[in-house]
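# What would the 3D arrangement of this be:
(chains A and B)
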Amino acid sequence: MLFIDLIQETYIALTTNKVRSGLTMLGIVIGIASVIAMIAVGQGAQKSVEDRIQSIGSNLLMIRPGAARSPGQTVSQGQGSSTSLSLEDADAIGREIDGLSAVAPSVSGNYQVVADGSNTRTSVTGTLPAYAAVRNVSMDSGSFFTEAHDARRAKVAVIGPDVRDELFPDETDLTGKKIRINGIDFTVLGLTATKGGSGMDSSDDVVYVPLSTAMQYLTGSDSLSMISVTVSDQALMDQASADISSLLFERHGLSDSDTADFRVMNQSDIVETASSVTETFTLLLGAVAGISLVVGGIGIMNMMLTTVTERTREIGLRKAIGAKGRDIRKQFLVESVALTFLGGVVGIGVGWLTATLLTKFASVSTSVSTSSVVLSFGVSAGIGILFGYYPARRAARLNPIEALRYE
Amino acid sequence: MIECRNISKIYRNGDNETVALDGASFSVRDGEFLAIMGPSGSGKSTLMNVLGLLDSPSSGTYFLDGRDVSVLSEDELAEIRIRKIGFVFQSFNLLPRTSVMRNVMLPLIYEGVPHARRSELAEEALRAVEFPESRWNHLSNQLSGGQMQRVAIARALVNAPSLILADEPTGNLDTKTGELVMAAFRKLNLEKGHTVILITHEHDIARYADRIITVRDGRIVSDFPNRDVRSA
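The predicted structure follows:
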């Protein structure tokens, strides 16, 4: 039997009963479309989480003070409340630990910021110029402050786009504008570029000032809220983290980890945790969609079995005039694979469209990956073979004499 | 061309044994027109299935063109069926909702004949059974019984088989159409030299053949030349 005949026979068989073929195919279309769309939603979520975390800075270690405890007491006042981190600690880390590309100590607090009659409450971060590199802060206009500003405790500030929207909604050039933070006048040096993120930890709703200025005029203390460190190589992250811990243990005169007055947080750990959560999420969505694909496959099997029964006499005739078992088997197998294959193609289109519409109208971030398309293509063809094999084998094994007598 | 030696067929259904054929022996020469007659249940259908290689005998040997076919595999039997045997059934068994041409070409598809050659052979076969050319592209379910049976005969002829097996070919037709169909067989036998084996229970139909074998209870009870051949 020639291949072209196989295709022609399949075409005739499928178009003879268009409604039934169409409905059966619909099962596969829905299955494949939901797999594509659900995986796109899952991967979109994964991508946006990863992007957000990456925007904070890659290869980042964050050292924060631990919980403050009064001497002899065990009442914790919460993480980050301790005043144990000092600028000297930051200097020591920069000096003594290998493999670091930048160290940026910072203090932060929430203050009322006022300009030209508008005001907002926002997070003010006092830090060193290295912070811009460590935390991936880039400038939209103007410039970040310099070491010189810090050295002379200059009252200058760099503001984030969300703060600009609150204070200077109509201004384009902010350089030289005055803002008051906690009652003290600061001159605006520049505007940072939008990084995205929303809600509590938006890195756009922030004002940056030099570290020494913040310590003197705002916090009035020389303890740090955080030391951010970038490691030159991803592979050195764990080593650097351990080195920093032991250095700080030594400097703070601590002996065991239970008494630690600081925490070292690893950016890649956070990324990994977040990724594994969204991966599970993707897997779950995919599995739910996969169930509908299996149901579609059972629909195919059901239709093929019906077809084999309906066409029993015809199969008997074909065998009588000389069709071999494998000719018959091929014919029915190609029929079911054609159904799932076409269903798969349409399903990929529908799934992709669904993902696009979800992004457009429901602002759900989606990402249709090539691998999910290839996968569902393979799966749909595979389902055709899997669920078509049993009916095809049944057809091929029919006894021609009995099949010809079948009523 | 056919030689059957002591062919038996026993169906076992649990403890029951049904003897459908009981030691049938006969031979058929090339170009013969043979009728196998018998009442229903006499074993003539079983004999036809064995002769058509759809069934294998429980014992005995069957030589087709000098070859013992009782030892061949299913695929080998299918191969012989496609090259040497054409079937015509009582209920026509055309593919429904399919054109006359495609129905006739069906055996050629399984034989792997190239496309261009197929329509040529199909046209030739349709002409041989005098099927009107205007209906070649009609669908099989738009035809009358007599026309369907002629399409079925054309299908049996298309791969130029040496043996045509017809199982009650007039059973579903009225007398007049039946006569026309029998005339077509007669003509094929006389003009093209096809060996025709006709299975029937009607004496009138059997009379078209040159030789009549009568079967009863699985045994051949008579085998004689027909001196009174009905002319078409």
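
# Residue in the stretch 301-407 of chain A with the shortest distance to chain B?
A:Gly322 (2.7 Å; Cβ to the nearest Cβ). The way it works is simple: take the backbone N, C-alpha and C, and place the C-beta from them, glycine included.

# which element is the closest residue to that residue other than its chain neighbours on?
With Cβ to Cβ, 6 or more residues apart in numbering or on different chains as the criterion, A:Gly322 has its nearest non-adjacent residue at 2.7 Å, and that residue is B:Ile82. Element membership for B:Ile82, per DSSP states H and E: helix B:74-84.

# Which is the succeeding secondary structure element to that helix?
Next in line after helix B:74-84, if elements are assigned by DSSP H and E, sits strand B:85-88.

# List the contacts of the helix holding B:Ile82.
A:319-326, B:52-54, B:64-65, B:69, B:72, B:107, B:110-111, B:159, B:161-163 (Cβ atoms under 8 Å, 6 or more residues apart in numbering or on different chains).

# With stretch B:131-138 instead?
B:99-101, B:123, B:126-127, B:143, B:147, B:150-151, B:154.

# Where does the residue most central in space within chain B sit: helix, strand or coil?
Compute the mean C-alpha point of chain B, and by Cα atoms, centre = their mean the closest residue is B:Leu165, 1.3 Å away. Put simply, B:Leu165 is strand when judged by DSSP: H, G, I helix; E, B strand; the rest coil.

# ok so B:Ala160 is a strand residue?
No: going by three-state DSSP, the assignment for B:Ala160 is coil, not a strand.

# Contact partners for the residue lying closest to it once chain neighbours are set aside?
Of all residues not flanking B:Ala160 in the chain, B:Leu121 sits nearest, at 7.9 Å (Cβ to Cβ, 6+ apart). With contacts defined as Cβ under 8 Å, 6+ apart, the neighbours of B:Leu121 are B:105, B:108, B:113, B:158-160.

# gap between B:Leu121 and A:Ala395?
Applying Cβ to Cβ, to the nearest Å, the value for B:Leu121 to A:Ala395 is 27 Å.

# now B:Ala128
B:Ala128 is 32 Å from A:Ala395, by Cβ to Cβ.

# Between the two, point out the one with more neighbours.
Using other Cβ atoms under 10 Å in any protein chain shown, the more surrounded residue of B:Ala128 and A:Ala395 is A:Ala395, with 27 against 19.

# Can you name the residues of chain B that neighbour chain A?
B:49, B:52, B:54-55, B:74-75, B:78-79, B:81-83, B:86-87, B:89, B:93, B:95-98, B:106-107, B:109-112, B:115, B:155 (Cβ under 8 Å from any Cβ of the partner chain).

# OK, now which residue of chain B is nearest to chain A?
Relative to chain A, the nearest point of chain B is B:Ile82 (2.7 Å; Cβ to the nearest Cβ).

# What pLDDT is listed against that residue?
Looking at B:Ile82, its pLDDT reads 92.

# so where's chain A shaky on pLDDT?
Within chain A, the set of residues satisfying pLDDT under 70 comprises A:54-58, A:67-82, A:196-202, A:256-258.

# host element of residue 23?
Unless you meant another one, I'm taking chain A. Counting by DSSP H and E, A:Leu23 is part of helix A:18-56.

# The intended chain is chain B.
Counting by DSSP H and E, B:Gly23 is found in strand B:16-28.

# Ok, B:Met182 next?
If you go by DSSP H and E, B:Met182 is part of helix B:175-187.

# For that helix, the averaged confidence score.
pLDDT averaged over helix B:175-187 gives 89.

# buried residues in it?
B:177-182, B:184-186 (16 or more other Cβ atoms under 10 Å in any protein chain shown).

# cool, stretch B:31-50 as well?
B:32-38, B:42-50.

# ok, now stretch A:226-233?
Buried residues in stretch A:226-233 (16+ other Cβ under 10 Å): A:226-231.

# where do the strands sit along the chain?
All of this refers to chain A. Along chain A, the stretches classed as strands by DSSP state E are A:60-65, A:100-115, A:118-127, A:139-142, A:156-159, A:178-181, A:184-192, A:206-210, A:226-231, A:262-266.

# I was after chain B.
Going by DSSP E, chain B shows strands at B:2-13, B:16-28, B:33-37, B:59-64, B:67-68, B:85-88, B:163-167, B:195-200, B:211-216, B:219-225.

# neighbouring contacts of the fifth one?
By that I understand strand B:67-68. So strand B:67-68 is contacted by B:61-62 (Cβ under 8 Å, 6+ apart).

# distance of A:Asp185 from chain B?
Per Cβ to the nearest Cβ, to the nearest Å, A:Asp185 is found 91 Å from chain B.

# surely that residue meets A:Lys178?
Yes: counting by Cβ atoms under 8 Å, A:Asp185 does reach A:Lys178; the two are 5.6 Å apart.

# that older thread, including distance to chain B, could the buried residues of stretch A:226-233 go into a markdown table?
Shown next, in a markdown table, are those (distance: Cβ to the nearest Cβ, whole Å):
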| residue | distance to chain B |
| --- | --- |
| A:Met226 | 78 |
| A:Ile227 | 79 |
| A:Ser228 | 75 |
| A:Val229 | 74 |
| A:Thr230 | 70 |
| A:Val231 | 69 |
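
# now for those, which pair is the farthest apart?
A:Met226 and A:Val231 (15.9 Å; Cβ to Cβ).

# Identify the residues contacting stretch A:289-307?
Residues contacting stretch A:289-307 (Cβ under 8 Å, 6+ apart): A:13, A:20-21, A:24, A:27-32, A:34-35, A:37-39, A:332, A:335-336, A:339-340, A:343, A:376, A:379-380, A:383-384, A:386-388, A:390-392, A:394.

# I meant to write stretch B:100-113 there.
A:1-2, A:5, A:9, A:318, A:321-324, A:327, B:82-83, B:86, B:94-95, B:117-119, B:121-122, B:125-126, B:131, B:135-140, B:143, B:151, B:154-155, B:158-159.

# One more: stretch A:250-265?
Counting by Cβ under 8 Å, 6+ apart, A:61-67, A:79, A:82, A:84-85, A:88-89, A:92, A:241, A:244-245, A:248-249 sit against stretch A:250-265.
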